[in-house]
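> here is my input, please return the structure:
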Amino acid sequence: MRCSLDLLDVVPACLPEEDFTKDVLMKQTFGIVSGFGNTFERARPVKRMKVLQIPYVDRVTCRLALRSPVTKNMFCAGYDKDGKDVCQGDGGGPHVTQYNGTYFVTGIISWGEGCGRQGKYGVYTNLSKGKKACFSASLVVHKNGEVDV
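So this is what the prediction gives:
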């Protein structure tokens, strides 16, 4: 299958250093996630990629909200009451953070307890914690926020 891609709408996403991720990126208010997963629990996957700006959640709040452990190689993001979240079918997709006009890959969508449930958050694998060597996917972030893996 062939498809055309306007290269004017494509920007790179960088793999950041661990200190920069910890000291700068994880202190931003929001990250961006994208995928073709369900829009809510027990729904069908979408046909067009969805993009969501999603707030970082501090580790203490996240650990108290979830039954399963959140390790040092993970971080949480999500809305407490809004119902916006990643869901089934989004796993393995990117979590990126924009800083000074540059996108950085900060995580990989991992797991959660349901989708968009009140008081629950999504859990992401933190790429800066020694995971760079095993991350070799090609990632394209479009200017409109859509991300292709």
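
> how about the residue most central in space within the chain, what does it touch?
Taking CA atoms, centre = their mean, the centroid of the chain lies closest to residue 95, which sits 2.3 Å from it. Residue 95 makes contact with 31-33, 54, 77, 105-109, 124 under the criterion CB atoms under 8 Å, 6 or more residues apart in numbering. Every C-beta, even on glycine, is put in place using the N, C-alpha and C of the backbone.

> can I get the one helix or strand residue 109 maps to in CSV? Just the C-alpha atoms.
Residue 109 belongs to strand 102-111 when assigned by DSSP states H and E. Presented in CSV, the C-alpha positions along strand 102-111 are these (Å, rounded to 0.1, in the frame of the first residue of the first chain):
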residue,chain,number,x,y,z
THR,A,102,11.1,20.1,20.4
TYR,A,103,9.4,16.8,21.0
PHE,A,104,11.1,14.2,23.2
VAL,A,105,10.0,10.6,23.5
THR,A,106,9.5,10.2,27.3
GLY,A,107,7.6,6.9,27.5
ILE,A,108,5.8,3.9,26.1
ILE,A,109,2.1,3.3,26.9
SER,A,110,2.0,0.3,29.2
TRP,A,111,-1.0,-0.4,31.4
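
> okay, buried residues for that strand please.
Of all the residues in strand 102-111, those buried under the rule 16 or more other CB atoms under 10 Å are 103-110.

> check stretch 38-48 too.
Of all the residues in stretch 38-48, those buried under the rule 16+ other CB under 10 Å are 38-39.
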